[in-house]
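Chemist: Build the 3D model from these lines:
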Amino acid sequence: MKKNAMKKLSLLSALLFAVLAMNAQLQEEGFSNSTISDGWTSSNATSGCDWSFGYIGEMPNSGTPASTFPSGAAFFDDGVCGALSNDLATLTGPVIDMTGITNSAIEVVYNLQVFAGKGIFKIEAFDGVSWQEVFFQDEDSPRNTGTNQTVSLDVSPYLNSAFQVRFVYHDEGLQAWGLAIDHYKLINSSVASVDDLVELGFNYYPNPSQNILNLAAKENIGMVNIYNILGQEVLSEKPTRTVAQIDLSDLSMGAYFVKVLVDDKRGSFKIIKE
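Modeler: Predicted coordinates for the structure are as follows:
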């Protein structure tokens, strides 16, 4: 009976965590309209060629089957803009006051296709004074898969009263295939605490982590659940020992929440997978 009650409590706790994470959403944009969304701005510092919105076609040169955007996307088609236009295009989100929020993360679904090694995608966060680079890619998204790329990024160090996110595309002076932003989310991730586990000697390291997350406590670690920033469970283990190594190698780079059960106490914390 006690085991069944504990199982129900664990499921309820996981559900509550997921609901909290999803309810903490601050901004979301799917770029489904044929015109730029309210509060967003676009620019091209070199050629003036602009983004298109509500794009539902295929991503050029993304393989067979090609990646698509059924609900629409913001698309910078470098092939349309010209071979030597040297495009440097930006797409900037609305200002949002993040005062009082200590932890936040963004999720971006996108597809970048380069040509002859040319084509750069950057994501930047405005820290109140200047733009800070939080993501950089200069190679194709996965090809021949029919899928787009998803990246989850911790932006906690840059929160301020005039926070913004900006997407930057640069073709490096040569016609490439372009960049599509399918979806963007900004969430409040200030839901983590291990205060109840301090007396049990709980600790975890390293953070950021690459492939292994180490956990240790004076009592047995009964359960470990890992969630992405949308509250979806991506990994679950039952170590039932005082020291555990959690294999993160199958997880994509980004921010995650870890919930642990030690003895009869629970805690949660945020990690960054590199």
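Chemist: Domain-wise, how is this protein divided?
Modeler: Domain assignment for the chain by automatic domain parsing gives 2-21+191-273, 25-188.
Chemist: Report the mean per-residue pLDDT for the first one.
Modeler: The average pLDDT within domain 2-21+191-273 is 80.
Chemist: ditto for the longest one
Modeler: If you average the pLDDT over domain 25-188, you get 92.
Chemist: measure that domain end to end?
Modeler: One end of domain 25-188 sits 6 Å from the other (Cα to Cα, to the nearest Å).
Chemist: before we move on, back to that, got JSON lines for the domains of the chain, with mean neighbour count too?
Modeler: In short, each C-beta sits where N, CA and C put it, glycine included. Putting those into JSON lines (neighbours: other Cβ atoms under 10 Å) gives the following:
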{"stretch": "domain 2-21+191-273", "mean neighbour count": "16"}
{"stretch": "domain 25-188", "mean neighbour count": "18"}
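Chemist: Now Ile272: closest residue in space that isn't a chain neighbour?
Modeler: Sequence neighbours aside, Pro208 is the residue nearest to Ile272 in space, at 4.0 Å (criterion: Cβ to Cβ, 6 or more residues apart in numbering).
Chemist: Surely that neighbour touches Lys273?
Modeler: Yes: with contact defined as Cβ atoms under 8 Å, Pro208 counts as touching Lys273 (7.1 Å).
Chemist: related to what we said a few turns ago, give me every residue that touches the residue nearest to Ile272.
Modeler: Listed by Cβ atoms under 8 Å, 6 or more residues apart in numbering, the contact set of Pro208 reads Ile271, Ile272, Lys273, Glu274.
Chemist: wait, doesn't the third one sit right on Gln210?
Modeler: Yes: under the contact definition of Cβ under 8 Å, Lys273 touches Gln210, with a separation of 7.5 Å.
Chemist: Need the residues touching each of those two.
Modeler: The contact sets of Lys273 and Gln210 overlap at Leu248 (Cβ under 8 Å, 6+ apart).
Chemist: Name the single longest strand found in this structure.
Modeler: Residue-count comparison of every strand in the chain, with assignments taken from DSSP state E, identifies strand 212-228 as the longest.
Chemist: elements contacting that strand?
Modeler: Counting contacts by 3 or more Cβ pairs under 8 Å, 6 or more residues apart in numbering; DSSP states H and E, the secondary-structure elements packed against strand 212-228 are helix 2-23, strand 203-205, strand 233-237, strand 241-247, strand 254-262.
Chemist: starting at the chain centroid, how far to that strand?
Modeler: Using Cα atoms, centre = their mean, to the nearest Å, the mean C-alpha position of strand 212-228 is found 23 Å from that of the whole chain.
Chemist: And stretch 35-45, by the same measure?
Modeler: Relative to where its chain is centred, stretch 35-45 has its mean C-alpha point 21 Å off (Cα atoms, centre = their mean).
Chemist: list the contacts for Val212?
Modeler: Residue 212: Ile, not Val. The contact partners of Ile212, taken as Cβ under 8 Å, 6+ apart, are Gln245, Ile246, Asp247, Leu248.
Chemist: Out of those, which comes closest to Ser43?
Modeler: Set against Ser43, the nearest of the contacts of Ile212 by Cβ to Cβ is Leu248 (37.9 Å).
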